[in-house]
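A.B. asks: sequence and predicted model, in that order:
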Amino acid sequence: MDYRDLNVYKSAFELGEWAGMFARSLRPPFDTTVGVQIIRSARSVTANIAEAWRKRIYPAHFVSKITDAEAEAAETQMWVEYAYSDGLIDAATCAKQVQAYDRILRQLVNLRRRHVAGTRGSDAPEPPGRGRAPRHSRRREH
């Protein structure tokens, strides 16, 4: 399976395309403020999903990249709300985009939770402070 097969990636990619079309429609000064920021944050969601997928064998790295994607999705929502408050998009478009990013955020949280739960199998190392003492701290018998 490839990261492009993930539903969350597909959805985020579509929203990134919308961000690009929206930004290209803007006139100065919004094209360099809201436009640039909304493209950067929207496309960063998909970039972080792709990076996370390649790092999924390392649970901490995977979680880190997925939480980065969550943060970028939330940032994109904020820029969409600014676009609405600046009169660049109508209320219906704003609501549609914010709801779409809410779905993305739920999918990312579920993906992160499933991955973390899946890495705690019988072959996963014990969390610190549990199980046997580290090898270097055991007394050697003479």
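C.D. replies: Received it, and whenever you're ready, just let me know what you need. Numbers count the residues shown, from 1 in each chain.
A.B. asks: which residue packs closest to the most centrally placed residue in the chain, ignoring adjacent ones?
C.D. replies: The geometric centre of the chain, computed from its C-alpha atoms, lies nearest to residue 69 (CA atoms, centre = their mean), at 1.7 Å. Spatially, and ignoring its direct neighbours in sequence, residue 69 is nearest to residue 48 (3.7 Å; CB to CB, 6 or more residues apart in numbering). To be clear about C-beta, it is placed using only N, CA and C from the backbone, and glycine gets the same treatment.
A.B. asks: ok, that neighbour to residue 96 distance?
C.D. replies: 23 Å (CB to CB, to the nearest Å).
A.B. asks: those two: which is more packed in?
C.D. replies: Neighbours per residue (other CB atoms under 10 Å) separate residue 48 from residue 96, with residue 48 holding more: 22 against 14.
A.B. asks: list the buried residues in the helix or strand harbouring residue 110.
C.D. replies: Applying DSSP states H and E as the criterion places residue 110 in helix 91-118. Judged by neighbour count using 16 or more other CB atoms under 10 Å, the buried positions of helix 91-118 are 94, 97, 100-101, 104-105, 107-108, 111-112.
A.B. asks: how many neighbouring residues does residue 79 have?
C.D. replies: The tally of other residues near residue 79 (other CB under 10 Å) stands at 22.
A.B. asks: many thanks, we can stop here.
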